[in-house]
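A.B. asks: quick one: sequence and predicted model below, then my questions.
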Amino acid sequence: MKKYDVIIVGAGIAGMTAAIYAVRGGKEVLVLESRVEGGQIINTTSIENWPGELGISGVGLTRKIKEQAEELGAEFDYAEVKKIEKNANGWTMIGEDDEKFEASVVILAMGTEPRKLSKKQAADAGERAISYCATCDGALYKNRPVVVVGSGNTAKHETAYLKNIASKVYHIHHDDPIPKDAVAVFVAIGRVPSTNFCDGLVELDENGYIIAGEDCRTSEEGIFVSGDCRTKNLRQLVTAAADGAIAGTEAIKYLG
Amino acid sequence: MELLDFYADWCGPCQMLKPTLEEFEEKHPEIKITRVNIDEEEEMTEKYNVSGIPCLVALKNGEEVAREVGVLPLKKIEKLVGVK
């Protein structure tokens, strides 16, 4: 098995930027992704707050950053990490099919995922379709009744968007019953960090975010964190990239 | 085996899946991929009760044997279809 200097878990903007920094520092780098590069941003059609690229799509930006990381020498592989174990020389990542990856240093960059429906509402929704993205899946429910769950701005936007497509749009809160005639449930009740396998590995805050300051160092030596899954005030593309730069640089320093 | 790929032009994740599907096609030419644009082929989309895109449906002798909603890496598409 090839042993890497650095394995980055998650190929969003934070993870890929960390890869660029670590590989430019002369390290052997693998980015492990469970599904596809880019993370949350691939659903955005036009980005207006990424300096230098007004209106670039999330897919376009993702492709450019991945190409850059690969050209510099970073490797990419695909596996959903289920567990990280300490070994004599560093860390072993274990994937869902028991595949193993080894590295001296780990950078956690899994980002966040949509918060799921409560058990009660999920039972209520039964076999009905559940979506976390109205702009992605709304078109599948033309002239049919749907429901949006959530109280925040995203839920309001999704409701307004779906009103142009569906025959009826119910807008309910996170503990209301799901209307009987709604054929699809659009869930917009916030996001949670994708840190399930990190419990017991590094310190998490009460919401599951990985605790680290601006230096991106976690409670465990040799494990760094970058991007939206870190405790921080502003979760944006540029702050994800900034974290990637810091975590990549810290990893180089740690490795010496 | 056959693979149905339900997509839309405006769907970012579908665009991310496209090069992976092309790679799959090259590696497994024996498996036919049928691309279904959900905006143009509503009947097919309804017939397969597609609830989100991208959606890959694996067919064996015309019968659905597996499906996945969301982008998948090559390895997982191979697993879905049952090839290596």
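C.D. replies: That came in fine, so what should we check first? Residues are numbered from 1 along each chain as shown, chains lettered A, B, ... in the order given.

A.B. asks: switch to C-alpha atoms for all contacts and neighbour counts from now on
C.D. replies: OK.

A.B. asks: neighbours around B:Glu43, how many?
C.D. replies: B:Glu43: 10 surrounding residues under other Cα atoms under 10 Å in any protein chain shown.

A.B. asks: state the distance from it to B:Glu30.
C.D. replies: To B:Glu30, B:Glu43 is 26 Å away according to Cα to Cα, to the nearest Å.

A.B. asks: now do A:Arg35
C.D. replies: From A:Arg35 across to B:Glu30, the span is 24 Å (Cα to Cα).

A.B. asks: please identify which of those two sits among more neighbours.
C.D. replies: The neighbour comparison of A:Arg35 against B:Glu30 (other Cα under 10 Å) goes to A:Arg35, with 21 against 10.

A.B. asks: need the contact list for the more buried one.
C.D. replies: A:Tyr78, A:Ala79, A:Glu80, B:Val71, B:Leu72, B:Pro73 (Cα atoms under 8 Å, 6 or more residues apart in numbering or on different chains).

A.B. asks: out of the residues you listed, which is nearest to A:His157?
C.D. replies: Nearest to A:His157 among these: B:Val71, at 24.2 Å, using Cα to Cα.

A.B. asks: list the residues that contact the closest one.
C.D. replies: So B:Val71 contacts A:Arg35, A:Val36, B:Pro13, B:Cys14, B:Met16, B:Leu17, B:Pro54 (Cα under 8 Å, 6+ apart).

A.B. asks: may I see those residues organised as TSV, with pLDDT and distance to A:Gly222 added?
C.D. replies: Converted to TSV, the contacts of B:Val71 look like this (pLDDT from 0 to 100; distance: Cα to Cα, whole Å):
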residue	pLDDT	distance to A:Gly222
A:Arg35	94	25
A:Val36	95	26
B:Pro13	94	33
B:Cys14	95	36
B:Met16	95	32
B:Leu17	96	33
B:Pro54	95	37
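
A.B. asks: and of the contacts of A:Arg35, the nearest to B:Ala8?
C.D. replies: Nearest to B:Ala8 among those, with distances taken as Cα to Cα, is B:Val71, at 13.1 Å.

A.B. asks: what's the pLDDT at the closest one?
C.D. replies: On the pLDDT scale, B:Val71 is placed at 94.

A.B. asks: the one 3 residues further on too?
C.D. replies: The per-residue pLDDT reported for B:Leu74 equals 95.

A.B. asks: kindly report the same for B:Lys84.
C.D. replies: In this model, B:Lys84 is scored at 80, pLDDT.

A.B. asks: can you give me the helices for the stretch 1-150 of chain A?
C.D. replies: Listed in chain order, the helices of the stretch 1-150 of chain A (DSSP state H, counting those that start in this stretch) span A:13-24, A:58-72, A:119-125, A:134-137.

A.B. asks: I'd like to know which elements the second one is packed against.
C.D. replies: Helices and strands touching helix A:58-72, by 3 or more Cα pairs under 8 Å, 6 or more residues apart in numbering or on different chains; DSSP states H and E, are helix A:13-24, helix B:12-27.

A.B. asks: cool, and the last one?
C.D. replies: In this structure, helix A:134-137 packs against helix A:153-163, with contacts taken as 3+ Cα pairs under 8 Å, 6+ apart.

A.B. asks: need the pLDDT of the residue positioned nearest the centre of chain A.
C.D. replies: Central residue of chain A (Cα atoms, centre = their mean): A:Gly111, 3.0 Å from the mean position. Here the pLDDT value assigned to A:Gly111 is 98.

A.B. asks: just A:Ala212 next, same as before
C.D. replies: The model's pLDDT for A:Ala212 equals 98.

A.B. asks: what's the separation between it and A:Ala109?
C.D. replies: Distance, A:Ala212 to A:Ala109, using Cα to Cα: 12 Å.

A.B. asks: need the overlap of contacts for those two.
C.D. replies: A:Val225.

A.B. asks: please identify which of the two sits among more neighbours.
C.D. replies: A count of neighbours by other Cα under 10 Å puts A:Ala109 above the other of A:Ala212 and A:Ala109, at 33 against 21.

A.B. asks: who's in contact with that one?
C.D. replies: When contacts are counted by Cα under 8 Å, 6+ apart, A:Ala109 is found next to A:Ile8, A:Val9, A:Gly10, A:Ala11, A:Gly12, A:Ala14, A:Gly15, A:Val225, A:Ser226, A:Gly227, A:Asp228, A:Cys229.

A.B. asks: kindly report the same for B:Val81.
C.D. replies: B:Val81 makes contact with B:Met1, B:Leu3, B:Ala58, B:Ala66, according to Cα under 8 Å, 6+ apart.

A.B. asks: for PyMOL, what selects the buried ones among those residues?
C.D. replies: Here is the PyMOL selection string for the buried members of the contacts of B:Val81, based on 16 or more other Cα atoms under 10 Å in any protein chain shown:
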select buried, chain B and resi 1+3+58
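
A.B. asks: for chain A, list the residues in contact with chain B, please.
C.D. replies: By the rule Cα under 8 Å from any Cα of the partner chain, the part of chain A lying against chain B is A:34-36, A:42-45, A:58-59, A:78, A:129-131, A:136-137, A:139-140.
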